[in-house]
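Asks: With the sequence up front, the predicted model follows.
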Amino acid sequence: MKVTRLTTYRLAPRWMFLKIDTDEGVSGWGEPVIEGRARSVEAAVHELSDCLVGQDPSRINDLWQTMYRSGFYRGGPILMSAIAGIDQALWDIKGKVLGVPVYQLLGGLVRDRMRMYSWVGGDRPAEVVAGIRKLQEAGFDTFKLNGCEKMGLVDSSRTVDAAVKVVAEIRETFGHSIEFGLDFHGRVAAPMAAVLIKELEPFRPLFIEEPVLAEQAEHYPRLAARTSIPLAAGERMFSRFDFKRVFAAGGISIAQPDLSHAGGITECHKIASMAEAYDIGLAPHCPLGPLALAASLHVDFVSRNAVLQEQSMGIHYNEGAELLDYVLNKDDFAFHDGHMLPPTKPGLGVIVNEELVIERSKSAPDWRNPVWRHEDGAIAEW
Ligand SMILES: O=C(O)[C@H](O)[C@@H](O)[C@@H](O)[C@H](O)CO
Ligand SMILES: [Mg+2]
């Protein structure tokens, strides 16, 4: 079997699907994308096709190493997202050829169902409480919300109190009948992280995500030493080589690699194993589409240290398309009491509505993340 063609489809809301065709009629799908830079990743996918067209798609490990090491410059969000989506599609092909779900090729199930969590948008207490109630009705008991709005490098006690007020309201309303993570989203700088985390201690969030920006990872151990709240990070780390320094330095209790940003199933499965060696939980980041979610689930179902899985149903980013709009086998991705079951079909287990994808790719938006500014005009972290 040989790879014959790579076709990319940028799609609403901010996703990109990749289809890899072969000379034996088996095709695989993946989701190479970094939010806000879809066109850059698209260019990278087509540059990397030099390593793939004419090659045997079953040799995933060699193709992965060739895509990663054949370029003198490597790593980072664009190239690793391109490799991620290609890797997902290669595993999809392999599973389809062998007639088994990908997790069977990785050693089989380590659990029977995977605990999912839902984003709750909004920054005002009433909005967040209403959002949680709505998702509770859908069977969720675990959530994630922004830990704060805009925050200056050194900010006021009023800003801190506004952030704490939302969390206090959640605990006041729901007690411990629910769990929630707080995503600082890189908005909080090192001087304020310890201040805000200290004030959040009494409310015992399940974790605090990206307590500081990934480029400030040296603060993770210092922050962890001052709090009992587990710290989580990983969506802006793109390979084992990014994670190894963070794991070795300590401070992170939950690793959140993104299956569409960190080299795909091949790389994230290795990151999961590295994390397990440090007694770190795995909670793949996934605010994206169905192929990214399916790839995440395959790694979750073979990783004992997988603890939580993000998914984007109803997420505030999904304008113009919802998680399963481009999927024909929607029932395979149903929620069961806040959990998902192992994908059942060969490969990734996603039957893509190709006709709809081709049609909708003709009018794909160029999504960009918001650009915030502080009151003094300086750019703020979103
Ligand atoms: O945890 C999450 O889902 C993320 O922080 C998410 O909000 C961002 O990754 C966003 O997708 C960037 O455009
Ligand atoms: Mg996040």
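Replies: The structure has been received and is ready for your questions. Ligands and ions are numbered 1, 2, ... in the order given.
Asks: Can you tell me which residues in the stretch 51-200 of the chain are near ligand 2?
Replies: When proximity is defined by Cβ under 5 Å from the ion, the stretch 51-200 of the chain lies next to ligand 2 at Asp183. All C-beta atoms are positioned from the backbone trio N, CA, C, and that covers glycine.
Asks: so which residue of the stretch 51-200 of the chain comes closest to ligand 2?
Replies: Ranked by Cβ to the ion, the top residue of the stretch 51-200 of the chain for proximity to ligand 2 is Asp183, at 4.3 Å.
Asks: in the sheet, who's paired with that residue?
Replies: On DSSP bridges, the residues paired with Asp183 through beta bridges are Asn146, Glu209.
Asks: That one and Gly147: what is the separation?
Replies: Taking Cβ to Cβ, to the nearest Å as the measure, Asp183 falls 6 Å from Gly147.
Asks: In space, what's closest to Leu323 - neighbours in sequence excluded?
Replies: Met313 (4.7 Å; Cβ to Cβ, 6 or more residues apart in numbering).
Asks: ditto for Leu308
Replies: Ala283 (4.1 Å).
Asks: right, and that neighbour touches Glu310 too?
Replies: Yes: counting by Cβ atoms under 8 Å, Ala283 touches Glu310, with 6.9 Å between them.
Asks: who's more crowded, these two?
Replies: It is Ala283, of Ala283 and Glu310, that has more neighbours when counted by other Cβ atoms under 10 Å, with 29 against 25.
Asks: what touches both of Ala283 and Glu310?
Replies: Gln256 (Cβ atoms under 8 Å, 6 or more residues apart in numbering).
Asks: so the residue of the stretch 51-200 of the chain closest to ligand 2 touches Glu209, yeah?
Replies: Yes: using Cβ under 8 Å, Asp183 makes contact with Glu209 at a distance of 4.2 Å.
Asks: Give the residues shared as contacts by these two.
Replies: In contact with both Asp183 and Glu209: 144, 147, using Cβ under 8 Å, 6+ apart.
Asks: Looking at those two now, which is surrounded by more residues?
Replies: Counted by other Cβ under 10 Å, Asp183 and Glu209 do not tie: Glu209 has more neighbours, with 26 against 23.
Asks: which strands and helices sit next to the longest helix seen in the chain?
Replies: Counting by DSSP state H, the longest helix found in the chain is helix 77-98. Where contact means 3 or more Cβ pairs under 8 Å, 6 or more residues apart in numbering; DSSP states H and E, helix 77-98 is packed against strand 15-22, strand 27-30, helix 38-48, helix 60-69, helix 102-105, helix 264-277, helix 290-300.
Asks: CA atoms only for the second one - export them in PDB, please.
Replies: So the one you mean is strand 27-30. The C-alpha trace of strand 27-30 is given here as PDB (Å, rounded to 0.1, in the frame of the first residue of the first chain):
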ATOM      1  CA  SER A  27      -8.300   6.500   3.400                       C
ATOM      2  CA  GLY A  28      -7.600   7.900   6.800                       C
ATOM      3  CA  TRP A  29      -8.700  11.100   8.500                       C
ATOM      4  CA  GLY A  30      -7.000  13.400  11.000                       C
END
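Asks: Give me the pLDDT for Asp123.
Replies: pLDDT, Asp123: 69.
Asks: Could you tell me how far the residue lying closest to Ala138 once chain neighbours are set aside is located from Glu381?
Replies: Once flanking residues are discounted, Ala138 sits nearest to Phe335: 6.7 Å by Cβ to Cβ, 6+ apart. Applying Cβ to Cβ, the value for Phe335 to Glu381 is 32 Å.
Asks: Would you mind listing where the protein has pLDDT under the threshold?
Replies: 123 (pLDDT under 70).
Asks: So it: which segments form each domain?
Replies: Domain ranges of the chain: 3-100, 104-347, per automatic domain parsing.
Asks: does the shortest one come close to ligand 1?
Replies: Yes: contact of domain 3-100 with ligand 1 (Cβ under 6 Å from any ligand atom) involves 35-36.
Asks: Out of the domains of the chain, the one nearest Pro365 is which?
Replies: Ranking the domains of the chain by their distance to Pro365 (criterion: Cβ to Cβ) puts domain 3-100 first, at 5.6 Å.
Asks: Can you tell me the SS state at the closest residue to Ala217 other than its chain neighbours?
Replies: Nearest in space to Ala217, with sequence neighbours left out and distances taken as Cβ to Cβ, 6+ apart, is Val246 at 5.2 Å. For Val246, the secondary-structure state derived from DSSP: H, G, I helix; E, B strand; the rest coil is helix.
Asks: Please consider this matter closed, and thank you.
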